[in-house]
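Undergrad: dropping the sequence and predicted coords here.
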Amino acid sequence: MATARRSWLERLALHRPELRAWAMYDWANSAMITIIVTAVFPIFFAQVAWREVPGWTAAEVHGLATTASLLLVAVIAPVLGAVSDRSRSKKKLLAVFALLGAAACAGMFFVHPGQWEFAAALFLVANLGASASFVFYDALLPHVAREGEVDQLSTSSFALGYLGGGLLLAFDLAVIQKPEWFGLPSGDGMTPHEASLPARIAFLSVAVWWLAFSLPLLLRVPEPEGTGDGGAPLPFVAALRAAFGGLGKTLRELLRYRNAALMLLAFLIYNDGITTTFRMATVYGKELELDSGQMILAILLVQFVGVPCTFLFGWVASRVGTKRAILGGLATYGVVTLLAYGLESARDFFLMATLIGFVQGGTQALSRSLFSSLIPPEKSGEFFGFFAVFDRFAGIFGPLLFALAVTLTGEVRNAVLPLLGFFLIGALVLLRVDVEGGRRAVRKRAR
């Protein structure tokens, strides 16, 4: 029995304590992505926090808040990534930004009806905390996983994230739909503040979940050695100074790894479509007047469909190759975009959600693991800092384009068709990445 269990965990790349501890941060952080970014907060923002502002809609302001938070991460990520390499502080910086993001989620409990400015500011900070923390989380991957484990560990962690986010969303959905089961105000005659209490409790639950399940990584994952003089870690201020001074050098060094640079460019393009799809899905559905409860159920479906499918993506990548598996995911997203344009009912939304659940986690997890295999591990913080820039810029253009399309055309459907271009062009660039050549270059420079 023990042998069978060990073999099962090995196939998932979760057979060592540090691997499981690292993967648990996806479980921790995905609650924020599921509830704050995707499911509950966008509806709360439109129905509770938003009030009529001449010349603007809730969808536009939500899109602009998303853009601003991701732009901040894009600006600071390369510097912080380089600092984390030089000062041996990946885990410390991860903890700081996780705490910042969780505090913003907890602050959402205090948002009153009509306080859209306060809500948007908290959303911006929560997004900043989550996105920045992933710079250091991703940078730990090549240090935690051994050769041959990277793809499977990356997809396993995404699958755990789907499961964790789905479980908390299921609980929060029960609180929102059946508040009387939990002794909360319900029925007619409630004040607006009482009516919003279940959703605000959901935001508080995200903060607790995020912090509690970050502890395994902070306690069990070893901090990689610093890359200061002689390999010794530098003091934080000295590391910060060196990071600013070395940004140009880091970029030039990254460009020497041609296939890693091409992978980043492809990722910038196609991930724009992916992140826009899940960040703006409920905002889009709300503008089309779909039922809020049905949309949240559809997102819950994505979480649980995503668990086995993301594990499956790791297996598919081992059979057909990481690049081909990603290309299959992008083709599926093209179909999703066409479905979104013709969306008419909750049934269509469920179909779209199911297809996203098939490919979202696997496509993003394999993108992370593919990039990590094309760079030297000792430069992971610096290079994943640039990966984060491309990841966040990929989240900037889509929501911004979404908001502009709604503003210019007055029709929310016109905001989804440009996503097809992101998936097609990104796939064409990805086809130019020579994966084996890139991995050989890394091994050669390591000698």
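TA: Arrived safely.
Undergrad: close enough to count as contact, A365 and F311?
TA: No: A365 is beyond contact range of F311, at 10.0 Å (criterion: C-beta atoms under 8 Å). (C-beta placed from N, C-alpha, C; glycine too.)
Undergrad: quick one: which of the two has more around it?
TA: A365 (29 against 22; other C-beta atoms under 10 Å).
Undergrad: on the pLDDT front, check that one for me.
TA: On pLDDT, A365 comes in at 86.
Undergrad: that one: helix or strand, and which one exactly?
TA: Applying DSSP states H and E as the criterion places A365 in helix 346-372.
Undergrad: helices and strands around that helix, which ones?
TA: Secondary-structure packing of helix 346-372 (3 or more C-beta pairs under 8 Å, 6 or more residues apart in numbering; DSSP states H and E): helix 116-144, helix 150-177, helix 258-287, helix 292-320, helix 322-341, helix 380-409.
Undergrad: low-confidence ranges in the stretch 101-250 of the chain?
TA: 226-248, 250 (pLDDT under 70).
Undergrad: from G357, how far out is the closest residue to F383 other than its chain neighbours?
TA: Counting by C-beta to C-beta, 6 or more residues apart in numbering, the nearest residue to F383 once its immediate chain neighbours are dropped is I375, at 4.5 Å. According to C-beta to C-beta, to the nearest Å, I375 stands 30 Å off from G357.
Undergrad: the more surrounded of the two?
TA: Remark: of I375 and G357, I375 carries more neighbours, 27 against 23, as counted by other C-beta under 10 Å.
Undergrad: on that earlier part again, would you mark the buried spots in the helix holding A365?
TA: Buried residues in helix 346-372, counted by 16 or more other C-beta atoms under 10 Å: 346, 348-353, 355-372.
Undergrad: again, but for stretch 13-21
TA: By 16+ other C-beta under 10 Å, the buried positions in stretch 13-21 come out as A13, L14, R16, E18, L19, R20, A21.
Undergrad: do stretch 183-198 as well
TA: Buried positions in stretch 183-198, judged by neighbour count with 16+ other C-beta under 10 Å: S186, S196, L197, P198.
Undergrad: ok, the second one - contacts?
TA: Applying C-beta atoms under 8 Å, 6 or more residues apart in numbering, one finds that S196 lies in contact with F44, V48, V111, P113.
Undergrad: and V433, what pLDDT?
TA: V433 is assigned a predicted lDDT (pLDDT) of 94.
Undergrad: kindly provide the distance from the nearest residue to N414 once chain neighbours are set aside to E18.
TA: Nearest-residue entry for N414: A405, 5.0 Å, with adjacent residues in sequence omitted and distances by C-beta to C-beta, 6+ apart. As judged by C-beta to C-beta, A405 and E18 stand 45 Å apart.
Undergrad: ok, so of the contacts of S196, who is nearest A102?
TA: Distance to A102, by C-beta to C-beta, is smallest for V111 among the contacts of S196, at 15.9 Å.
Undergrad: identify the residues contacting the closest one.
TA: Listed by C-beta under 8 Å, 6+ apart, the contact set of V111 reads F44, V48, A49, F118, A119, L122, S196, R200.
Undergrad: ignoring the adjacent residues along the chain, who's closest to the fourth one?
TA: The one in question is F118. That would be V111: by C-beta to C-beta, 6+ apart, it lies 5.7 Å from F118.
Undergrad: torsion angles phi and psi at the one you found?
TA: When quoted as degrees, to the nearest 10, the phi and psi of V111 stand at phi -80, psi 130.
Undergrad: what does the one 4 residues further on give?
TA: Dihedral pair for Q115: phi -90, psi 60, per degrees, to the nearest 10.
Undergrad: wait, doesn't it sit right on A49?
TA: Yes: between Q115 and A49 there is a contact under C-beta under 8 Å: 5.8 Å.
Undergrad: ok, those two, which is more surrounded?
TA: Using other C-beta under 10 Å as the criterion, Q115 and A49 rank with A49 on top: 25 against 16.
Undergrad: got the contact list for the closest residue to E149 other than its chain neighbours?
TA: Sequence neighbours aside, A13 is the residue nearest to E149 in space, at 4.4 Å (criterion: C-beta to C-beta, 6+ apart). Neighbour list for A13: L19, A145, E149, Q152, L153, S156, G314 [criterion: C-beta under 8 Å, 6+ apart].
Undergrad: save those as CSV, and put in distance to G410 too.
TA: Conversion of the contacts of A13 to CSV gives the following (distance: C-beta to C-beta, whole Å):
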residue, distance to G410
L19, 50
A145, 49
E149, 50
Q152, 47
L153, 46
S156, 44
G314, 44
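Undergrad: tell me the one among those residues nearest to Q303.
TA: Using C-beta to C-beta, S156 is the member of the contacts of A13 that lies nearest Q303, at 15.5 Å.
Undergrad: the closest residue to that closest one other than its chain neighbours and L219: what is the separation?
TA: Of all residues not flanking S156 in the chain, L12 sits nearest, at 4.7 Å (C-beta to C-beta, 6+ apart). According to C-beta to C-beta, L12 and L219 sit 21 Å apart.
Undergrad: give me the more crowded residue out of the two.
TA: Using other C-beta under 10 Å as the criterion, L12 and L219 rank with L12 on top: 21 against 10.
Undergrad: burial measure for V429, as a count.
TA: So V429, with other C-beta under 10 Å, has 17 neighbours.
Undergrad: repeat that for E225.
TA: E225 has 13 nearby residues by other C-beta under 10 Å.
Undergrad: next, count neighbours for L265.
TA: Other residues within reach of L265, judged by other C-beta under 10 Å, total 15.
Undergrad: what do you get for A103?
TA: Neighbours of A103 using other C-beta under 10 Å come to 16.
Undergrad: wait, it sits on W210?
TA: No: A103 is beyond contact range of W210, at 10.0 Å (criterion: C-beta under 8 Å).
Undergrad: joint contacts of those two?
TA: Contacts common to A103 and W210, judged by C-beta under 8 Å, 6+ apart, are absent.
Undergrad: any idea how far K323 is from L262?
TA: In terms of C-beta to C-beta, K323 sits 11 Å off from L262.
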